[in-house]
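Visitor: Pasted the sequence and its predicted model underneath.
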Number of protein chains: 2
Amino acid sequence: MPDGGTGIRPPVRVVVVGAGFSGLAAASVLAGAGAQVAVLEARDRVGGRVLTRRLADGTALDLGAQWIGPTQDRMAALVAEHALTTFPSASVGAATVLWDGRRRDAPPDSAHRLVALLDADAAEVDPAAPWRAARAAEWDRTTLGGWLAEVAADPVSARYVGRLLAGGLLAADPAEVSLLQLLFYLRSGGGSGLLLAMAGGAQQDRIVGGPAALAERMAAALPPGSVVTGTPVRAIGHDDAGVVAYTDGGLHRADAAVVALAPALAGRIGYDPPLPALRDGLTQRMPMGAALKVHAVYPEPFWRADGLSGVSTAAEGPVTETVDNGVPGSSRGVLTAFAYGGEARELRRMSPQRRRAALVDALVAIVGPAAARPDEVVEYDWSADEWTRGCFCGALTPGSWAGYGPELRRPTGRVHWAGTETATRWAGYLEGAVLAGERAAAEVLAAHA
Amino acid sequence: MPDGGTGIRPPVRVVVVGAGFSGLAAASVLAGAGAQVAVLEARDRVGGRVLTRRLADGTALDLGAQWIGPTQDRMAALVAEHALTTFPSASVGAATVLWDGRRRDAPPDSAHRLVALLDADAAEVDPAAPWRAARAAEWDRTTLGGWLAEVAADPVSARYVGRLLAGGLLAADPAEVSLLQLLFYLRSGGGSGLLLAMAGGAQQDRIVGGPAALAERMAAALPPGSVVTGTPVRAIGHDDAGVVAYTDGGLHRADAAVVALAPALAGRIGYDPPLPALRDGLTQRMPMGAALKVHAVYPEPFWRADGLSGVSTAAEGPVTETVDNGVPGSSRGVLTAFAYGGEARELRRMSPQRRRAALVDALVAIVGPAAARPDEVVEYDWSADEWTRGCFCGALTPGSWAGYGPELRRPTGRVHWAGTETATRWAGYLEGAVLAGERAAAEVLAAHA
């Protein structure tokens, strides 16, 4: 870019598409380096896949992503930087495992052994290039569901581990997830121990005010006017000279773009010239998960008095997991239930009344009859949200890693790709979103500043 | 709709999105029933995934879909109705099978046995509801690649059958295709015998002038002004009162819409209100295949004099299949090579020079050294084409049939879905496209006329 003889280079201009954590993290780095940033967000709010809803009494419910934990260092730093605090997730008392019609306080060894086999294989996967693993081809043509049917000691163990890993981690059915995709994810998050644990793991802490509060502060810390909400980017023109983002309200010219969306959504933007075949093919092969997260709110967390933590996992029934989702400063009891894949779709097909009844029945099975009458039941359907279309994240379909994995982070000229799906550490998590945004920002600065 | 007291109902107005065979077939039925039809096509031509290119001497090359065969009755009827004729595909002489470094004239029994096992299972699949098969869950969690690795007598047989079926039928890798998807496809096309054969099968006949000639005549037979090319539909508004299709040049109001696009492309249009979660989820889980189809043109079909048909299949190398693609009235020899999935992507990554060399080497291995110097090599990249994004068709990813298959043909209010992917007979073929378009048209007339 000419400097008009002043010797002073004008700032690099960057359009960031999406004001989720990945886009906000990218914008923060870019603005910090002196770039001029426009963050264009389709929704009327920032935060992407996080959303906090307050009940009449102030109790905050996190309808989307909600946890941070050990080794998620960038999230911890952002919380501190923006003067927010965390609190430990409630997990006092005994966990419940629903297993073959009975209640246990832990899954049997048969389940642990299956998970241990997968952790061992995950150690052989480079999360930056899973397709290079020696057994990558075998792992990517084998679904978790198919593998469990072969390897599990019994059908209940197969079902439990399938629900816990394909469901609990990727919000998918075991038949939809290849071993390679699962092993990548396990490795990216530091192994099943870290990924599945409450205390000591990815569900350890929550942010006071919800992660939405952090997103709002990250946005507010950008130069005034940087974030434009209610502005879907319809198309991106790009050539050697720069980029143009087209919106219903006009166009934004810049030197580079960071598209901080899940690939499935990034593929729905028009590009001129069109995306290369392989990058476009990636966007066709990374569907978003299907999760149902429902909060049942009670006058108090009655299960604690019974010595129960409210934390459960289940080998059967519509609900795969529950947690005690109470927040400091509120006396209300919040039990949050998760259903995934086929179970989530089945619940969605029900009328709200039937769905509520099915969920309440499931909670009664875990914490007893006092769960039968919640004050409120609160849910949000991320799969129906035009600007998310599923959660927690996108996952590559079986057999796709070798052909399309290398396109996850490869820039298309001046268009750079962020979003938690492109992370190599904590992919699918808020931490991965931030790391991906910062990586994309660094790419832009290296290439165009 | 009010009739103003005349007793005459105004004609139903229908917007058809896409002027491929499915959209044109839908429009023909609708117009024939007195509907007022606007076919909006993004490209500057009709025909969708068919494209005919003429060489300087007039030799016609079909760059996309090109064959019709027995039981494809609607295509046969359309050819006759529009006064076109067909000619038999050239297949005089011996076929070649490249197998473990050797040439054979047929694959060994080990390959036939595998295909026979699949045909037997396909007989248990209802192509209108594959998810209802007794073994659907097992079949959809098992990829063809995984199954072959378990069941095939030897690795060459596994590779050959994987390339022939996942590649030759769906332009995918065996690891990308579940058994359920493959069995659906086999059943939809009447079994492997019909699907794979030249004479007596789906590759039996070609249309003089190419299928593009038929598409043009179908379009020309519609009322004047019905087809509007160069007009991508960006969004579709729909409610109880009607639909509105938004284009760069303005909007089209109608009583109903038929979206005659592959689901992956239909998902890239905006909808207001947004598509229901399950229908949107379908569009995320049906990626287009990846095929490379290259025509090598010679002064004459020299292989015929050597007693070779030019028809080949290969267990190894970049090219999975070849055919003699000469046309009546031209003395040129045309050898057409097909590569699929990983092999297609690898060839695409090469420079045009290297790709040409690799392809010509493969042809030399099949028909001898005279193949080394083609006059011309002609290809077209459907995966790079913004309005197609892959071929031959979309295929549901492993584990997706139960959750999303029921959405293939379920209308979204006044928006109806066509495209060959929605067909229950000859899905993926021109015949399936026509059947799907006619089915969607009948739906519209039943619901809105």
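Guide: Looks like it arrived, so ask away. These figures come from a predicted structure and were not determined experimentally. Residues are numbered from 1 along each chain as shown, chains lettered A, B, ... in the order given.

Visitor: Every contact and neighbour count from this point should use C-alpha atoms.
Guide: OK.

Visitor: near chain B, which residues of chain A?
Guide: For chain A, the residues in contact with chain B (Cα under 8 Å from any Cα of the partner chain) are A:138, A:140-143, A:145-146, A:173-177, A:264, A:267-269, A:274-278, A:280-281, A:284-288, A:342, A:345, A:383-386, A:389, A:397-400, A:403.

Visitor: What separation is there between the nearest residue to residue A:155 once chain neighbours are set aside and residue A:208?
Guide: Ranked by Cα to Cα, 6 or more residues apart in numbering or on different chains and with sequence neighbours excluded, the top spatial neighbour of residue A:155 is residue A:149, at 7.4 Å. Distance of residue A:149 to residue A:208, given as Cα to Cα, to the nearest Å: 42 Å.

Visitor: ditto for residue A:297
Guide: From residue A:297 over to residue A:208 (counting by Cα to Cα), the distance is 18 Å.

Visitor: quick one: which of those two has more around it?
Guide: residue A:297 (24 against 18; other Cα atoms under 10 Å in any protein chain shown).

Visitor: Looks like that one contacts residue A:375 (just checking).
Guide: Yes. Between residue A:297 and residue A:375 there is a contact at 5.6 Å, judged by Cα atoms under 8 Å.

Visitor: burial measure for residue A:18, as a count.
Guide: Neighbour tally, residue A:18, other Cα under 10 Å: 32.

Visitor: how close does it get to residue A:221?
Guide: For residue A:18, the distance to residue A:221 - Cα to Cα - is 16 Å.

Visitor: One more: residue A:268?
Guide: 30 Å.

Visitor: neighbour count winner among those two?
Guide: Using other Cα under 10 Å as the criterion, residue A:268 and residue A:221 rank with residue A:268 on top: 21 against 14.

Visitor: Regarding the more buried one, what is its secondary structure?
Guide: The three-state assignment at residue A:268 reads coil, by DSSP: H, G, I helix; E, B strand; the rest coil.

Visitor: okay but it is in contact with residue B:267, surely?
Guide: Yes. In this structure, residue A:268 is within contact of residue B:267 by Cα under 8 Å, at 7.5 Å.

Visitor: remind me, longest helix of chain A?
Guide: Assignment by DSSP state H gives helix A:430-448 as the longest helix of chain A.

Visitor: That one - what's its average pLDDT?
Guide: Over the span of helix A:430-448, the pLDDT mean works out to 98.

Visitor: residues making contact with that helix?
Guide: A:12, A:21-27, A:29-30, A:65, A:68, A:72-75, A:255-256, A:258, A:260, A:414, A:416-427 (Cα atoms under 8 Å, 6 or more residues apart in numbering or on different chains).

Visitor: same check, this time on stretch A:190-201
Guide: Residues outside stretch A:190-201 that contact it (Cα under 8 Å, 6+ apart): A:69-70, A:88-89, A:91, A:115, A:119, A:122, A:169, A:186, A:189, A:202-205, A:426.

Visitor: among those, which are in strands?
Guide: Of the positions in those, A:88, A:205 sit in strands, assigned by DSSP state E.

Visitor: which one of the contacts of stretch A:190-201 is nearest chain B?
Guide: Closest approach to chain B among the contacts of stretch A:190-201 (Cα to the nearest Cα): residue A:169, at 16.6 Å.

Visitor: which residues sit in contact with the closest one?
Guide: residue A:195.

Visitor: can you do 7 Å?
Guide: Not one residue lies near residue A:169 by Cα atoms under 7 Å, 6 or more residues apart in numbering or on different chains.

Visitor: Next, work out how far apart it and residue A:184 are.
Guide: 12 Å.

Visitor: same check, this time on residue A:106
Guide: 26 Å.

Visitor: So between these two, which is more surrounded?
Guide: Counted by other Cα under 10 Å, residue A:106 and residue A:184 do not tie: residue A:184 has more neighbours, with 27 against 16.

Visitor: I'd guessed the more buried one sits against residue A:127; true?
Guide: Yes. Using Cα atoms under 7 Å, residue A:184 is in contact with residue A:127, at 5.5 Å.

Visitor: Run through chain A and note the low-pLDDT ranges.
Guide: A:1-7 (pLDDT under 70).

Visitor: Mark out where each domain of it begins and ends.
Guide: A:13-48+A:212-286+A:397-448, A:52-69+A:86-93+A:200-208+A:288-384, A:110-195 (automatic domain parsing).

Visitor: Centre of the chain to the first one, how far?
Guide: Here domain A:13-48+A:212-286+A:397-448 is found 16 Å from its chain centre; the criterion is Cα atoms, centre = their mean, to the nearest Å.

Visitor: Please enumerate the strands of the stretch 151-300 of chain A.
Guide: A:205-207, A:227-228, A:233-239, A:242-247, A:250-254, A:256-259, A:270-272, A:291-298 (DSSP state E, counting those that start in this stretch).

Visitor: Point out the other helices and strands that the last one packs with.
Guide: Secondary-structure packing of strand A:291-298 (3 or more Cα pairs under 7 Å, 6 or more residues apart in numbering or on different chains; DSSP states H and E): strand A:333-340, helix A:341-349, strand A:376-379.

Visitor: Most tightly packed of the ones you listed?
Guide: Highest mean neighbour count of these: strand A:333-340, a mean of 26 (counted as mean count of other Cα atoms under 10 Å in any protein chain shown).

Visitor: Mind listing the strands it pairs with, and their directions?
Guide: Strand A:333-340 sits in its sheet next to strand A:291-298 (antiparallel), strand A:321-324 (antiparallel), going by DSSP bridges.
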